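Just need the structure, nothing else, for what follows:
(3 chains)
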Amino acid sequence: MFDWMLWTTPTALVFAGIAALLLIMGVWARLSPPIARRGFLRIETDRGDRLYIGLISAAAFLVLWIAVTDLSMLLALGGALVLIVVIGRWG
Amino acid sequence: MRRLPWARTVFWLYAATLMLPLLWMFGMSIRPNADILGAFSLVPQRVTLENYETFFTDSTWYSSYLNSIVYTSMNTVMSLVVALPAAYAFSRFRFAGDKHLFFWLLTNRMAPPAVFLLPFFQIYQSVGLFDTHLGVALAHMLFNVPLAVWILEGFMSGIPREIDETAAIDGYSLPGFFFRIFLPMIRSAIGVTAFFCFMFSWVELLIARTITSVDAKPIAATMTRTVSAAGVDWGLLAAAGVMTIIPGAILIWFVRNYIAKGFALGRV
Amino acid sequence: MSDGRQKHNRAWWLVLPVVVSVAFTAIIPLMTVVNYSVQDIFSPFDRIFVGLDWFRDVARDPEVRGALVRTLIFSAQVLLIEIPLGVLIAVCMPRRGWTVSVALVLVALPLLIPWNVVGTIWQIFARGDIGLGGWAVNKVVNFNYTLDSADAWITVLAMDVWHWTPLVVLLAYAGLRSIPDPYFQAAQIDGASAWATFRHIQLPRLRGVLTIAILLRFMDSFMIYTEPFVVTGGGPGNATSFLSILLSKIAVGQFDLGPAGAFSLLYFLIVQIVCYVFFTVLTRSGR
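Numbers count the residues shown, from 1 in each chain, chains lettered A, B, ... in the order given. Just a heads-up that it's a prediction; the model follows:
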């Protein structure tokens, strides 16, 4: 039924990861409700917002990387993870 | 209040400029093709209805016009049915992930339709909805459901919550209250939302053209495929253009005071 | 969404239909696009995983970059012209009497015209041989939007200004109407000039609606497709080939699934970022 979507293992893993992330955030919200606060982004965010901002910034960072340098994507991936953690923790 | 002395003039000049291209197209639609391509003239030399006659007698034209009306109407009903309870939930309750869901809906309203072209083409072929009215109506829910939720939420938030509470004390269940008290209260909002769903589905071309070929082909697609070996039939094209403006032009009077609110996703 | 709402997780049942319907029209297609973007596809049974190659190609493609730059310049010009013009017209709009309704309907009319018909209207209107606009301009300077790049650009820009300034007018007008009369009476007693009244009373009050107008106009001009497609088809050359036009050429015209998928995702990413700014502004100005 979903043959026409032309799945590959890596993309399936990525989506499974996103689903797991949503699930974890949902369970976490149930265990300890998120509290909105202000960080260096200067707008009031709770952890869901910061995760979203972090993911989007990481994606933008990866695109810029791939557009301008031929250096390894692993380096970029490391940078993106750092970005997500920094925004999630102090954003 | 104080008005600038020339305000009136500026406004009506602007309104006249706005109408000029429209009137010009109308002028084209009532001229015979020979006159259009002949010598340039400001006023039609001969007035004819033959372009409209072709529009109403040639089945590729009138049937695609009907196709558009059918799928926009289906889309309007479907969008409203799913959007009404959701808009109520967003305006009245807090629930896990509400803000993120509301935002996600907005991203679908803002997404360029071009992004969804290829998968739409594949999906609708694989589930057998390609070139059907239902298929186009479903595809247009992509931007119309978010639009309807946002506009309705804007209207519903303006209705005091005390009404819900009073009804609950009077012994109404949630569905009973929703259908017997709340819906009649917001019927003008529903009308406005229906208008905007109809309109945004009516004006869309890219998706509708991609997932149809013959049976559900919209008028917009017919209009962009008129260039034949003999060149463009300007008179007929103009007549079709006038015909597509008519539904909006008739309905606009009823929603004139809410147009800004509708276009601003209910946020004005 | 206002605050003071009841906490009520069963409300999820009320939004479920929306989630399901939009999942069918948005999430599944988006997943498919992601799958396309990492493969070289010859047929459903003959495809190779290529990783991020398409993203690299698209992000470095001069044609894509050109279209991005053109789209951004177009959006900037649209905002620079339509916002001030829209505010000016809104200030001049009648406030009382039966002319209000007539004015509202006239101004709103271009917004309700199917986008391809807007294209048709301008295709006819701007032609030198059969259109009033093109004919009039031709009396002064040589003008032909099918051959000259600058003329094509001006035509598309004029068309957008014609089509969408009414949106700014309507929003600004709604904002102006919400200013209570006593403000103006006070200004009149103080003997304030028309400009001072506008600058210190009307403009500050318009901030909310103008933010919405700017964001809406940016988003919609950033994904413009139908109108330039009808009038110029992206040409002459690629003078008016904006992102959506280029993307649908690659996707539907050439049916290059991989590059079109990668292109779509990059396009979608930009929209996501702007959209988040939009949302943040909207939800915060409501408080």
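
Can you report how many residues lie near C:Ile28?
15 (other CB atoms under 10 Å in any protein chain shown). For glycine as for every other residue, the C-beta is placed from the backbone atoms N, C-alpha and C.

For the closest residue to it other than its chain neighbours, give me its contacts.
Spatial nearest neighbour of C:Ile28, chain neighbours left out: B:Ile123 (6.7 Å); criterion: CB to CB, 6 or more residues apart in numbering or on different chains. Listed by CB atoms under 8 Å, 6 or more residues apart in numbering or on different chains, the contact partners of B:Ile123 are A:Trp4, B:Leu129, C:Ile28, C:Pro29, C:Thr32.

Would you enumerate the residues in contact with residue 30?
Assuming you mean chain A. A:Arg30 touches B:Ala96, counting by CB under 8 Å, 6+ apart.

Let me rephrase: I mean chain B.
B:Pro44, B:Val47, B:Thr48, B:Leu49, B:Asn51.

Secondary structure and distance to A:Tyr52 added to the residues you listed, as CSV?
Formatted as CSV, these follow (DSSP: H, G, I helix; E, B strand; the rest coil; distance: CB to CB, whole Å):
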residue, secondary structure, distance to A:Tyr52
B:Pro44, coil, 58
B:Val47, coil, 60
B:Thr48, coil, 59
B:Leu49, coil, 57
B:Asn51, helix, 53
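
Where neighbours are concerned, which of these has the most?
Busiest of the contacts of B:Ile30 [other CB under 10 Å] is B:Asn51, holding 23 neighbours.

mind listing what residue 25 touches?
In the absence of a named chain, this looks at chain A. A:Arg47, A:Gly48, A:Leu51.

oops, I was thinking of chain C
B:Asn108, B:Phe116, B:Leu138, B:Ala139, B:Met141, B:Leu142, B:Val145.

Surely the fifth one touches C:Val20?
No: using CB atoms under 8 Å, B:Met141 is not in contact with C:Val20, being 10.6 Å away.

just to revisit the earlier point, would you tell me what the next helix or strand after whichever helix or strand the residue nearest to C:Ile28 is part of is?
Per DSSP states H and E: B:Ile123 is located in helix B:117-126. Sequence order places helix B:133-157 as the next helix or strand after helix B:117-126, per DSSP H and E.

For that next one, give the mean pLDDT please.
The average pLDDT within helix B:133-157 is 93.

Are whatever helix or strand comes next after it and chain C in contact anywhere?
Sequence order places helix B:162-169 as the next helix or strand after helix B:133-157, per DSSP H and E. No: using CB under 8 Å from any CB of the partner chain, helix B:162-169 never reaches chain C; the gap is at least 9.1 Å.

Pull the residues that contact helix B:162-169.
By CB under 8 Å, 6+ apart, helix B:162-169 touches B:Arg92, B:Phe177, B:Ile181, B:Phe182, B:Met185.

Would you mind putting those into TSV with distance to B:His133, pLDDT and neighbour count alongside?
Shown next, in TSV, are the contacts of helix B:162-169 (distance: CB to CB, whole Å; pLDDT from 0 to 100; neighbours: other CB atoms under 10 Å in any protein chain shown):
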residue	distance to B:His133	pLDDT	neighbour count
B:Arg92	34	89	22
B:Phe177	34	91	18
B:Ile181	34	90	15
B:Phe182	31	92	20
B:Met185	32	90	12
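
Could you tell me which of those residues belong to helices?
Using DSSP state H, the subset of those located in helices is B:Arg92, B:Phe177, B:Met185.

which one of those sits closest to chain A?
Here the nearest of the ones in helices among the contacts of helix B:162-169 to chain A, counting by CB to the nearest CB, is B:Arg92; it sits at 19.5 Å.

The closest residue to the closest one other than its chain neighbours: neighbour count?
Spatial nearest neighbour of B:Arg92, excluding adjacent residues (CB to CB, 6+ apart): C:Arg5 at 5.9 Å. C:Arg5 has 18 neighbours, counted by other CB under 10 Å.

Surely C:Arg5 touches B:Lys99?
No: in terms of CB under 8 Å, C:Arg5 does not count as a neighbour of B:Lys99; the distance is 11.2 Å.

Those residues of chain A touching chain B, which are they?
Residues of chain A lying near chain B (CB under 8 Å from any CB): A:Asp3, A:Trp4, A:Met5, A:Gly26, A:Ala29, A:Arg30, A:Gly48, A:Asp49, A:Tyr52.

Sort out which of those are buried, if you could.
Buried by 16 or more other CB atoms under 10 Å in any protein chain shown: A:Met5, A:Gly48, A:Asp49, A:Tyr52, out of these.

so where's chain A shaky on pLDDT?
A:1 (pLDDT under 70).

Roughly how far does the residue of it at minimum distance from chain B sit from A:Leu83?
Among the residues of chain A, A:Trp4 lies nearest to chain B; the distance is 4.5 Å by CB to the nearest CB. As judged by CB to CB, to the nearest Å, A:Trp4 and A:Leu83 stand 35 Å apart.

Distance-wise, check whatever residue of chain B ends up closest to chain A relative to B:Leu117.
At 4.5 Å from chain A, B:Ser126 is the closest residue in chain B, using CB to the nearest CB. Between B:Ser126 and B:Leu117 the computed distance is 15 Å (CB to CB).

what's the answer for A:Leu55, then?
25 Å.

Spit out the contact partners of B:Phe120.
Neighbours of B:Phe120 in contact, by CB under 8 Å, 6+ apart: B:Ala139, B:Ile207, B:Thr210, B:Ile211, C:Pro29.

In CSV: the contacts of A:Met25, plus secondary structure and distance to chain C.
Output for the contacts of A:Met25, formatted as CSV (DSSP: H, G, I helix; E, B strand; the rest coil; distance: CB to the nearest CB, whole Å):
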residue, secondary structure, distance to chain C
A:Arg47, helix, 16
A:Gly48, helix, 13
A:Leu51, helix, 13
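
still on that earlier bit, B:Ile69: which of the residues of chain A next to chain B is nearest?
Among the residues of chain A next to chain B, A:Trp4 lies closest to B:Ile69 (CB to CB), at 30.8 Å.
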